[in-house]
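Q: Fold the following.
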Amino acid sequence: MQKMAELMKLRDECGEGTSGAPVLAGSCLAGNRLILDLYPYGCCHFLWLLKEQREEVVQVEFLRLSANDCFIDTALESLPHLKHLKSVVLRGGCARDEFGSYVPGFLTSLPQNFGNLRCLTHLDLSFNRLSTLPSCIVQLPSLSLLLVSHNRLVALPENFGCLSKLTFFSAMKNQLSGLPQSIGELSMLETLDLSDNGLQLLPEEIGNLHNCTELDLSGNCLLSIPDSLANLKSLHQLRLHSNSLVTVPASLASLPSLASLDLRNNCLRAIPVEIQALPFVCLQGNPLGETEPSLQADKFSARGVRRLSLSSSENSFTVTSEGCEVVLPCGIFFFFPPGATSDPLQIYFQSLEPDPQWVKLRHHDVLLSTVLELQPHGVKFQQEVQIWMPFVSPRTLHQHEVVVRTFCGQSWSDLRTRVEQKRGLMGPVAHCSVLHFSWFLVVCRLVQDECEVPAKGTLLFSSVDPHIKVIFPPGVTKEPRSVKMQVLLVPPKEIDAITAEEGCLASPLLCLSQDSLVDFLKPVRIQLPLPPGVTGLNLDRSRVHLLHGDLEGQTWDDITSQVVLEFTHVFAVFEVTHFSWYWLWYTTKTYIEGIAKKVYERLRLYQVNFIALQRKKDPEQVLLQCVPKHKVDPVVKKLQPRYRGPEPSDMVEMFEGEQFFAAFERGISIDMDRPDCVDGRLSFIFYSHLKNMKEVYVTSPVDRKGQAVKGQVSFYRGAVPENIPEDASRRRRGSDSLWLATLPIKLPQLKPRWDENASPLCGFSFPPLNLGSAETGYLTQANLLSIARRVGPDWQTIGLNLGLTYQQIERIGHNNREDLDKQILGMLFSWAQQNSKDPDCVSKLIAAMKESGRQDIADEVETIIDLGRQKYNESIRRVGLEQGSSTEDSAIA
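A: Modelled structure (predicted):
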């Protein structure tokens with residue numbers, strides 16, 4: 001009675017419709033489906049519906065309730081009345097706490113009569129607080145899919161094998177320490193996910209799962225695995241990474257269907273040769289003896305294949321039939337297996353800057369490396385050569401993947417690539433295998449899911465958003481064809497930036513392509529999630545727009561009236577016969593094509609700032625860089641100790657691979673003979689993840705002895721990229737539209753360091769100096785004056801490295817605070833007087849200059865000393881000859 005009173009009170013708080021039903025309650029019931037997990041107090045609505053519309057509710061086959069609902073236990077008591085239930089979802093995690101973590105549901109058990117649901121085939125209890133599996137579950141005779149992930153299970157019941165029809169079981173992220181022997185009785189089980197538990201031992205009976213195709217045991221505490229796993233003849237994927245395995249049975253290599261074996265991050269010190277030879281095995285993160293078997297090439301190295309480490313001055317190497325490993329100075333790693341070539345072959349290599357004229361990036365691609373050219377082109381190896389290429393790690397890989405792209409004759413194609421960690425390198429490497437050499441680079445592209453479509457049809461899911469799927473019915477094609485899917489998630493802030501006043505919402509972008517020019521014989525069914533915040537319960541069909549875009553994203557057409565749109569509570573479903581871009585919008589605007597075009601263009605733009613800094617020790621040395629907005633502060637902070645200059649420019653937008661120029665103006669110029677200088681301007685290509693930086697020396701034709709030169713550097717757009725939208729191309733035409741930013745550059749006044757009519761010592765009086773020894777040569781007072789002319793504002797650093805105290809440096813600076821030249825002379829001659837009797841003082845001076853970053857002065861001092869040493873040796877020989885002659889004359893006399 002108390003619960004019913006609470007429910008009645010809650011009903012009043014929720015509000016009622018015209019029929020007396022709580023708002024939205026009636027609309028949640030659609031045919032044989034009742035979806036209530038998306039709304040607060042969904043369990044309250046369920047109980048109200050069961051009372052008011054009992055005849056309809058008891059026929060429901062698919063039910064979803066939120067386990068975060070405070071009335072979930074009350075609702076569970078009524079579930080056994082729904083005898084026709086086939087699918088029940090009672091997930092927690094529908095809410096988040098103040099730290100953003102999922103809040104587990106309230107479920108700790110299920111009522112015993114829950115086992116009376118004889119038709120139930122699908123049960124999802126994920127993200128709850130179950131410490132034991134409710135005993136009523138094993139009484140469900142039709143259950144085929146069971147999900148209990150993200151709970152607190154410590155064990156499974158001994159009679160778990162009673163679920164004879166179970167095909168899918170996920171218990172990831174629990175606290176299981178063992179498995180019952182009866183698990184081997186699940187003869188129909190196809191997918192078993194026990195990752196992220198505390199399993200220490202597996203029963204031998206696990207080898208009886210003959211229909212199992214996917215087994216995930218990663219993230220446990222396994223020391224070994226039973227040999228019976230070799231009986232799983234249907235196994236396609238086996239994940240054993242992040243355990244404590246010290247060995248694995250060699251019999252795993254004989255599994256006929258195995259296509260993926262993940263053994264990363266274990267304690268393997270010895271691996272059977274049969275396992276090592278598998279082309280799809282992953283072994284990184286294992287302490288494999290004294291070798292480096294984190295990559296397959298390293299395994300062969302342990303067998304005696306020679307290893308070549310090339311220097312920066314080399315541009316080729318020779319490969320023989322015995323095979324070899326090669327490491328280039330830039331960190332690129334090759335493995336040529338024995339027999340890759342029958343005759344000795346000279347390989348030439350070079351690293352090239354990417355040129356957008358021939359390095360064609362696709363939409364939403366990001367370049368992560370320079371271009372590697374390997375010659376001779378077109379020569380086919382007898383076995384695959386493996387290549388590991390370092391790359392700049394992208395910010396996020398949620399919807400992107402890293403691939404190696406190669407130029408094959410007339411176009412670029414993507415190779416099958418794995419991202420790995422190579423020992424000795426700080427960052428990741430992209431691993432691929434090739435049979436011939438050409439040009440190679442590493443790019444980041446949208447995740448590409450693909451499948452082969454047979455005549456009997458198939459199903460393709462997106463790995464980025466599993467809610468996006470494409471259904472190919474039987475008879476859709478006569479000949480098998482390959483289909484590719486890419487999904488681009490659209491951040492709401494990008495839409496708000498363009499459509500803040502329109503209040504538009506949009507789904508993820510879906511791109512479909514195929515290798516055939518012929519349309520499908522039957523319509524292909526596509527499922528897209530509704531835009532965020534929109535559900536089938538509050539949907540206004542007049543605001544829904546389905547857009548179709550060409551592959552270049554240049555045009556977007558509203559095809560809503562040309563297709564039949566069906567809606568569920570969270571999905572939109574439609575059918576097409578040809579592939580391209582598809583985008584679902586929800587807006588009050590009738591003409592949405594133009595807005596979509598602007599948003600799509602914005603998704604491809606990068607916000608950047610320009611930097612122009614001058615080296616503190618040499619203001620004529622200028623550093624120019626184009627930096628993505630999110631990297632500006634750390635880049636400037638890193639450069640501040642050595643450079644000074646104005647604040648970065650205002651933000652501008654650029655496309656990946658877009659050309660721009662830097663022009664020095666108002667009395668400042670650069671060397672026109674530079675190869676990257678076009679019509680007096682420096683040429684750049686913007687790549688968001690590469691360093692768009694150049695350091696140049698500038699000069700001024702203006703006489704700087706009288707005054708400083710206040711010039712500037714301006715940045716201008718270059719050639720319009722070929723594949724940018726037409727609207728963006730038009731905005732880049734005209735002289736004013738090419739200008740991007742201008743930053744000031746100031747060259748200080750050049751004044752004589754010492755007045756020609758004044759004493760070279762500027763009033764200082766020092767006794768004559770001869771530093772060094774007669775054997776090594778002396779540094780005289782004139783030599784020190786020459787050195788002083790080369791020293792600048794860094795004199796204090798040099799003085800400290802020479803051994804002067806802070807007090808001495810401060811006193812010299814204070815006494816001569818109006819004259820830099822006197823400060824430098826005071827420092828040098830004070831040091832010289834203190835060390836005039838030290839025979840090693842010259843070598844100390846050279847070391848101090850090098851330590852202070854003044855290699856130029858160190859070289860000058862070494863030149864002076866070498867010259868003095870030559871003169872001393874010549875004088876010794878001359879004196880020696882004279883003495884020899886005198887002795888001979890005396891003997892004759």
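
Q: by contact count, what packs against the helix or strand encompassing residue 471?
A: Element membership for residue 471 (DSSP states H and E) is strand 469-472. Counting contacts by 3 or more Cβ pairs under 8 Å, 6 or more residues apart in numbering; DSSP states H and E, strand 469-472 is packed against strand 458-461, strand 481-488, strand 524-529. Glycine gets a C-beta too; all of them are placed from N, C-alpha and C.

Q: Kindly calculate the angle that the second one makes with strand 524-529.
A: An angle of 20 degrees separates the directions of strand 481-488 and strand 524-529 when computed by axes from the mean of the first three to the mean of the last three Cα atoms, to 10 degrees.

Q: by contact count, what packs against whatever helix or strand comes next after strand 481-488?
A: Using DSSP H and E, the helix or strand that follows strand 481-488 towards the C-terminus is helix 492-499. When contacts are defined as 3+ Cβ pairs under 8 Å, 6+ apart, helix 492-499 packs onto strand 505-506, helix 593-603.

Q: Identify whichever of these lies nearest to residue 34.
A: Closest approach to residue 34 among the helices and strands packed on helix 492-499 is made by strand 505-506 (25.8 Å; Cβ to Cβ).

Q: now what about that closest one, what contacts it?
A: 490, 492, 495, 531-534, 583-587, 596, 599 (Cβ atoms under 8 Å, 6 or more residues apart in numbering).

Q: what sits up against the next helix-or-strand element following it?
A: The C-terminal neighbour of strand 505-506 among helices and strands, as given by DSSP H and E, is strand 509-514. Strand 509-514 is contacted from outside by 446, 453, 462, 468, 470, 481-490, 526, 528, 551, 579-583, 600, using Cβ under 8 Å, 6+ apart.

Q: on that earlier part again, ok, of the helices and strands packed on helix 492-499, where does mean pLDDT dip lowest?
A: Looking at the helices and strands packed on helix 492-499, the lowest mean pLDDT belongs to helix 593-603 (a mean of 83).

Q: Out of the helices and strands packed on helix 492-499, which is the most enclosed?
A: Each of the helices and strands packed on helix 492-499 was scored by mean neighbour count; the highest is strand 505-506, a mean of 22, by mean count of other Cβ atoms under 10 Å.

Q: what are the bridge partners for residue 626, then?
A: Here residue 626 sits in beta bridges with residue 610, residue 692, going by DSSP bridges.

Q: so what's it up against?
A: 608-611, 654, 660, 684, 686, 692-693, 715.

Q: Kindly report the same for residue 374.
A: If you count contacts by Cβ under 8 Å, 6+ apart, then residue 374 has 347-349, 437-440 around it.

Q: so what's it bridging to?
A: Those that pair with residue 374 in a beta bridge, by DSSP bridges, are residue 349.

Q: Next one: it relative to residue 416, how far apart?
A: 18 Å (Cβ to Cβ, to the nearest Å).

Q: Could you break the protein into its assigned domains?
A: Domains of the chain are assigned by the TED database as 28-152, 177-187+199-290, 306-446, 449-590, 604-721+738-747, 781-878.

Q: between those, which gets nearest to residue 162?
A: Across the domains of the chain, residue 162 has its closest neighbour in domain 28-152 (4.7 Å, Cβ to Cβ).

Q: mind checking how far that closest one is from the chain centre?
A: 39 Å (Cα atoms, centre = their mean, to the nearest Å).

Q: Just the pLDDT for the nearest residue to residue 207 once chain neighbours are set aside.
A: In this structure, residue 207 finds its nearest non-sequential neighbour in residue 228, 2.6 Å apart by Cβ to Cβ, 6 or more residues apart in numbering. Looking at residue 228, its pLDDT stands at 90.

Q: if I've got this straight, residue 228 is in a helix?
A: Yes - counting by DSSP: H, G, I helix; E, B strand; the rest coil, residue 228 is part of a helix.

Q: measure residue 641 to residue 615 for me?
A: 11 Å.

Q: Could you count how many residues lie near the closest residue in space to residue 241 that isn't next to it in sequence?
A: Nearest residue to residue 241 in three dimensions, chain neighbours excluded: residue 264, at 4.1 Å (Cβ to Cβ, 6+ apart). Residues lying near residue 264 (other Cβ atoms under 10 Å) number 20.

Q: hang on, residue 264 packs against residue 285?
A: Yes - here residue 264 reaches residue 285: they are 4.9 Å apart, a contact under Cβ atoms under 8 Å.

Q: picking that back up, so which of the helices and strands packed on strand 469-472 comes closest to residue 254?
A: That would be strand 458-461 among the helices and strands packed on strand 469-472, by Cβ to Cβ, at 29.0 Å.

Q: If you count contacts, what does the closest one end up packed against?
A: Other elements packing on strand 458-461 under the criterion 3+ Cβ pairs under 8 Å, 6+ apart are strand 448-453, strand 469-472.

Q: follow-up on the earlier one: distance to residue 31 for the helices and strands packed on helix 492-499 - can I get that in a markdown table?
A: Putting the helices and strands packed on helix 492-499 into a markdown table (distance: least, Cβ to Cβ, whole Å) gives the following:
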| stretch | distance to residue 31 |
| --- | --- |
| strand 505-506 | 26 |
| helix 593-603 | 33 |
